[in-house]
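> please find the sequence and the predicted model below.
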Amino acid sequence: MATPLPPVPAFIESGVAGSRPSLVFLHGIGGRSWGWQDQLDHFAAQGWHALAWDMPGYGDSPPIDSLDFDHLADALEALLARTRVVRAVLVGHSLGGMVALQAWARHPQRIAGLVLAGSSPAFGHGSGDFQTRFLADRLAPLEAGQTLADIATRLIPAMAGPGASPEALARARACMASITPAGYRAALQALVRFEQRAALPTISVPTLCLAGEHDRTAAPAIVRRMAGKIPGAAYAEMPGAGHLMNFEQPEAFAAVLSAFLDTHFPPETQP
């Protein structure tokens with residue numbers, strides 16, 4: 001008997017379904033669905049159907065009992081089933097790229113393509129001590145009474161490239177500030193357990209691995225190495241961008257994504 005899927009997460013969408021797959025945008029640990037609004041508007045104007053979720057426990061999405069990557073992949077499958085998305089290109093940023101990889105490993109039947117932006121196939125060094133230190137460092141501000149807005153004010157500028165505009169930083173801070181402490185804590189605890197390196201050679205759909213030149217969270221060398229382990233994957237790097245590439249350079253991000261999509265999913269492609 002199949003395991004029931006979790007509750008359907010909240011989402012926003014633009015455009016209508018056509019012959020090409022739907023674009024499904026998956027935010028990172030400090031993101032929200034509306035952080036992708038520029039991309040949804042851009043691609044809807046190009047004739048795509050696009051949607052972005054609030055990860056379980058974020059925004060209006062109900063929490064799930066056990067926030068791990070299997071359950072996140074199941075929640076994504078529930079969303080695709082509810083929205084009748086037959087074929088999807090998953091565009092995952094950071095932790096969202098990890099969700100995309102887990103979805104490929106767990107529910108590949110709907111996945112037509114992958115875009116893994118500022119992401120990696122595993123967390124950290126694989127050492128329990130490393131994970132423990134990382135988690136303690138990231139949770140320490142919460143334990144000291146800081147809000148997510150306080151944490152965002154410190155973290156967001158450090159994650160961006162040197163040329164990020166004040167407006168881009170303000171939008172990224174607003175996304176992170178809107179997360180609940182419980183949601184942030186649960187996402188961090190899931191992050192440190194992520195491991196999908198074994199899935200990379202099994203990927204059989206068009207894949208783009210995208211890095212930011214100044215990304216210190218998922219450095220270009222890590223993203224390039226990931227691309228090298230995925231059959232036929234493309235690698236691209238955004239000059240001047242840091243980890244928050246879709247906030248920092250929305251037009252350049254859309255251009256790189258459009259080039260990938262037009263190559264593999266031209267308008268005449270049939271479902």
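Perfect, thanks for sending it.

> which stretches of the chain form strands?
Using DSSP state E, the strands of the chain run over 11-14, 22-26, 50-53, 88-93, 111-117, 207-212, 234-238.

> note down every partner strand of the last one and its orientation.
Each strand paired with strand 234-238, and its direction, by DSSP bridges: strand 207-212 (parallel).

> what's the average pLDDT for the partner strand?
Average pLDDT, strand 207-212: 98.

> show the average pLDDT along stretch 111-124.
95.

> for it, measure first residue to last.
End-to-end distance of stretch 111-124 (C-alpha to C-alpha, to the nearest Å): 26 Å.

> could I get the buried residue list for it?
Judged by neighbour count using 16 or more other C-beta atoms under 10 Å, the buried positions of stretch 111-124 are 111-123. For glycine as for every other residue, the C-beta is placed from the backbone atoms N, C-alpha and C.

> columns distance to residue 135 on top of the strands of the chain, output as TSV?
Formatted as TSV, the strands of the chain follow (distance: least, C-beta to C-beta, whole Å):
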stretch	distance to residue 135
strand 11-14	28
strand 22-26	22
strand 50-53	24
strand 88-93	21
strand 111-117	23
strand 207-212	24
strand 234-238	29
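
> quick one: closest of these to residue 157.
strand 207-212 (14.4 Å; C-beta to C-beta).

> for that closest one, output the C-alpha coordinates as PDB.
Written as PDB, here are the backbone C-alpha positions of strand 207-212 (Å, rounded to 0.1, in the frame of the first residue of the first chain):
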ATOM      1  CA  THR A 207      20.500  19.300 -16.300                       C
ATOM      2  CA  LEU A 208      22.100  22.700 -15.700                       C
ATOM      3  CA  CYS A 209      24.400  23.300 -12.800                       C
ATOM      4  CA  LEU A 210      24.700  27.000 -12.200                       C
ATOM      5  CA  ALA A 211      27.200  28.800  -9.900                       C
ATOM      6  CA  GLY A 212      27.800  32.400  -8.800                       C
END
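
> centre of the chain to it, how far?
Relative to its chain's centre, strand 207-212 lies at 12 Å (C-alpha atoms, centre = their mean, to the nearest Å).

> tell me the pLDDT of residue 76.
pLDDT recorded at residue 76 is 97.

> ok, back up a step: and the buried residues of stretch 111-124 as TSV, adding distance to residue 156?
TSV is the format used below for these (distance: C-beta to C-beta, whole Å):
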residue	distance to residue 156
111	30
112	32
113	29
114	26
115	22
116	22
117	17
118	14
119	18
120	20
121	25
122	25
123	21
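
> just flag the most distant two among those residues.
Pairwise distances across those peak at 26.5 Å for 112 and 123 (criterion: C-beta to C-beta).

> below-threshold pLDDT in the stretch 151-271 of the chain: ranges please.
For the stretch 151-271 of the chain, applying pLDDT under 70 flags the ranges 268-271.

> what segments of it are helices?
For the stretch 151-271 of the chain, the helices defined by DSSP state H, counting those that start in this stretch cover 166-177, 181-191, 220-228, 245-248, 250-264.

> can you list the ones you listed in CSV and add distance to residue 85 and mean neighbour count?
Putting the helices of the stretch 151-271 of the chain into CSV (distance: least, C-beta to C-beta, whole Å; neighbours: other C-beta atoms under 10 Å) gives the following:
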stretch, distance to residue 85, mean neighbour count
helix 166-177, 24, 18
helix 181-191, 24, 18
helix 220-228, 25, 17
helix 245-248, 21, 28
helix 250-264, 16, 17
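
> which of those sits closest to residue 212?
With respect to residue 212, and counting by C-beta to C-beta, the nearest of the helices of the stretch 151-271 of the chain is helix 245-248 at 4.5 Å.
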